[in-house]
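Participant: Sequence below, structure please.
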Amino acid sequence: MTVADRPAPLVELGLAFEMLQRRDAHPVFSTWRRRVARTLPRPARPLLQLVSPLGAGPLFLDPPSHDLEEGVDQILSTPNSQARTELRRMCSIDRPLTPWVRQLADRDREAWQILGQAVRAAHADLIAEAWPRIRAGFRAETAWRSRILAQQGLHAALTGLAPNVRWRGTTLEAPFPRDLDLTLRGQGIVLQPSLFWSDHLLAAPHPDGRLLLIYPAVTPLPLRDTSTSDDPLTAIVGVTRAQALRLLVHQHTTTGLARELAVSPAAASMQAKTLREAGLIVSQRDGKAVWHWCTPLGLDLLVHGST
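Facilitator: Numbering: from 1, shown residues only. Next up is the predicted model:
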């Protein structure tokens, strides 16, 4: 198993469109969703006909290319049979069979030109300006995951990717909207964090034959500060959670944590939940109070993330 070395702009673009349509999306995406819904340029909107909020899109739409134009060229050169198969698959999930989708399946030249324009317009609106933050968040996330993999091994690295991921013997089980069984057959796994996705694990074939496993970064894009931080811990988990993690070297209740962070108890509870799901703290209820404190992994991150 390896960790991807760079973010893929079209993978992030596809996930951004999926998150845009989620009515139950993570609360931190609420403001982002409302803004994008108002400002998304018209040429980009045809992509909504192809991408599902369930975390699915045509496999040809988001090649793991590191260059926009190279990726667009790969999309536009999709073989006819693959295009028809993928469009049929998306319509069987929840995408409407619109006239434009029919034209794509029939390899109509103008329809595919519209697709290329839509990808470029969407990238300019959603990805280009945010790219420095996406890249910084990606680097911090992958550095941390690589450290977990090196120090704690494969089992810990995979079960920490998302909530409710667990091993059953040699099988990794994870929540997913549909029943899906994947067999590696010896090819291996590439871990790819996303700053736009905040739900279950996603799987797709990597061009080299390995399994591309996409997981939500601990700190999603809306929580990443627009300014560059010199604090590695802040770069990994965000400003407020870095403060919370440092406080939780000593036990605090949710109310005490909220007081120290100068936030509401609900906000402190949400920060604690994210840190807990990442394996950085543990929580225990004592009557009406809930106490939180660092795990060994959280302490390790504090030590090495501050050096």
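Participant: so how far is R241 from G298?
Facilitator: From G298 across to R241, the span is 11 Å (Cβ to Cβ, to the nearest Å). C-betas here are computed from N, CA, C, even on glycine.
Participant: Next, show the common contact partners of these two.
Facilitator: Common contact partners of G298 and R241 (Cβ atoms under 8 Å, 6 or more residues apart in numbering): L275.
Participant: OK, contacts around P163?
Facilitator: P175, E277.
Participant: now it, what's its secondary structure?
Facilitator: Following DSSP: H, G, I helix; E, B strand; the rest coil, P163 is assigned to coil.
Participant: Compute the distance between it and P216, please.
Facilitator: Between P163 and P216 the computed distance is 10 Å (Cβ to Cβ).
Participant: any low-confidence regions in this structure?
Facilitator: Within the chain, the segments meeting pLDDT under 70 span 25, 225-232, 235, 303-307.
Participant: Where do the strands of the protein begin and end?
Facilitator: 2-3, 166-168, 171-173, 189-194, 202-205, 211-216, 252-253, 281-286, 289-294 (DSSP state E).
Participant: Reformat those as a markdown table; add distance to L158 and mean neighbour count.
Facilitator: Shown next, in a markdown table, are these (distance: least, Cβ to Cβ, whole Å; neighbours: other Cβ atoms under 10 Å):
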| stretch | distance to L158 | mean neighbour count |
| --- | --- | --- |
| strand 2-3 | 12 | 14 |
| strand 166-168 | 8 | 10 |
| strand 171-173 | 6 | 13 |
| strand 189-194 | 8 | 22 |
| strand 202-205 | 12 | 17 |
| strand 211-216 | 8 | 22 |
| strand 252-253 | 30 | 20 |
| strand 281-286 | 20 | 14 |
| strand 289-294 | 22 | 18 |
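Participant: Among the ones you listed, which comes closest to L97?
Facilitator: With distances scored as Cβ to Cβ, the stretch of the strands of the chain nearest to L97 is strand 202-205 (22.9 Å).
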